[in-house]
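Novice: I would like the atomic coordinates for the input below:
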Amino acid sequence: MKQKLIGLSQQYVTALQKHLKQGPRARLQPALALGRRAVVLGLETLELARIHEQAVAALELSRSRNGFLQRAEMFFAEALTPIVETHRAARQSKIQLNRLNDTLGRRTVELAATNRLLQRGIVRRKSVEAALKISGEHYARLLKNSLQLQEGLRQLTHQVLAAQENERKKISRELQDEIAQTLLGINVRLLTLKQEARSNTRGLKNEIASTQRLVLKSAKSVRRAARQFGRS
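Specialist: Numbering: from 1, shown residues only. Purely as a prediction, here's the structure:
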């Protein structure tokens with residue numbers, strides 16, 4: 001690196017001397033080329049200024065009165081142009097970088113906020129899913145219990161109807177037996193009346209009265225049966 005600086009310093013002296021010899025109309029492209037080499041070497045403004053001061057001293061321009069020093073300053077200003085432009089580009093890049101960093105910071109904050117909202121939404125969704133699951137299980141149990149109750153009620157109804165039917169059959173048999181016995185008694189009385197009607201008129205009246213009582217008893221039994229079947 002040191003050798004490169006020495007070489008650049010020598011090139012600067014040579015180029016400046018040639019520029020001054022060409023007169024006021026000399027072109028400044030050599031100074032611009034030197035400035036670009038300085039940028040490649042990573043030199044800053046002060047380092048190039050030292051090289052210029054050394055060249056001015058080597059050429060003894062401070063003692064000159066024919067305008068060489070002013071023209072040398074113009075040469076130096078042109079040589080500084082690439083460094084200045086590099087600094088300007090660096091500053092612009094830094095500004096853009098700062099803007100990008102600011103934008104990135106805002107985006108990061110927005111993303112964090114969105115992520116928090118998303119996490120809250122996920123938590124709420126899981127809570128709703130858990131509540132729906134619990135509610136579904138609860139309603140499933142209620143439905144199962146309802147079906148069991150319906151089945152129990154159906155069986156109970158069947159048992160009640162079967163018991164009523166059995167009771168009805170029992171009552172029917174009892175009434176049939178009672179009516180049959182009453183009718184059998186009436187038939188026996190009638191046969192007795194038929195035999196006694198030939199000889200005993202008073203006894204006949206008693207038998208007729210007794211037979212009438214049997215008929216009334218049979219009629220009551222029939223009405224009672226009708227009422228019982230009507231209630232059942």
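
Novice: can you pull out the helices in this protein?
Specialist: 2-21, 29-41, 45-59, 68-196, 201-231 (DSSP state H).

Novice: Tell me the helices and strands packed up against the first one.
Specialist: Secondary-structure packing of helix 2-21 (3 or more Cβ pairs under 8 Å, 6 or more residues apart in numbering; DSSP states H and E): helix 29-41, helix 45-59, helix 68-196. In this view, the C-beta of every residue, glycine as well, is placed from N, C-alpha and C.

Novice: winner for burial among these?
Specialist: Among the helices and strands packed on helix 2-21, helix 29-41 has the highest mean neighbour count (mean count of other Cβ atoms under 10 Å), at a mean of 18.

Novice: who touches that helix?
Specialist: With contact meaning Cβ atoms under 8 Å, 6 or more residues apart in numbering, helix 29-41 is reached by 1, 4-5, 8, 11-12, 15-16, 18-19, 47-48, 51, 75-76, 78-83, 86.

Novice: one more time with 10 Å
Specialist: 1, 4-5, 7-8, 11-12, 14-16, 18-19, 22, 28, 43-45, 47-48, 51-52, 72, 74-87 (Cβ atoms under 10 Å, 6 or more residues apart in numbering).

Novice: would JSON lines of the helices and strands packed on helix 2-21 with distance to residue 224 and mean pLDDT be doable?
Specialist: JSON lines is the format used below for these (distance: least, Cβ to Cβ, whole Å; pLDDT from 0 to 100):
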{"stretch": "helix 29-41", "distance to residue 224": "133", "mean pLDDT": "92"}
{"stretch": "helix 45-59", "distance to residue 224": "135", "mean pLDDT": "90"}
{"stretch": "helix 68-196", "distance to residue 224": "7", "mean pLDDT": "81"}
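
Novice: Reformat those as TSV; add distance to residue 222.
Specialist: Formatted as TSV, those follow (distance: least, Cβ to Cβ, whole Å):
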stretch	distance to residue 222
helix 29-41	136
helix 45-59	139
helix 68-196	7
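
Novice: Among the ones you listed, which comes closest to residue 216?
Specialist: Of all those, it is helix 68-196 that lies closest to residue 216, at 9.8 Å by Cβ to Cβ.

Novice: right, so of the helices and strands packed on helix 2-21, which gets closest to residue 223?
Specialist: Nearest of the helices and strands packed on helix 2-21 to residue 223, taken as Cβ to Cβ: helix 68-196 at 10.7 Å.

Novice: Could you figure out how far that closest one is turned away from helix 29-41?
Specialist: With axes from the mean of the first three to the mean of the last three Cα atoms, to 10 degrees applied, the angle from helix 68-196 to helix 29-41 works out at 50 degrees.

Novice: So which elements touch helix 68-196?
Specialist: Helices and strands touching helix 68-196, by 3 or more Cβ pairs under 10 Å, 6 or more residues apart in numbering; DSSP states H and E, are helix 2-21, helix 29-41, helix 45-59, helix 201-231.

Novice: Take the ones you listed and write them to JSON lines, including distance to residue 91.
Specialist: Output for these, formatted as JSON lines (distance: least, Cβ to Cβ, whole Å):
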{"stretch": "helix 2-21", "distance to residue 91": "25"}
{"stretch": "helix 29-41", "distance to residue 91": "15"}
{"stretch": "helix 45-59", "distance to residue 91": "14"}
{"stretch": "helix 201-231", "distance to residue 91": "112"}
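
Novice: Nice, that's everything, thank you.
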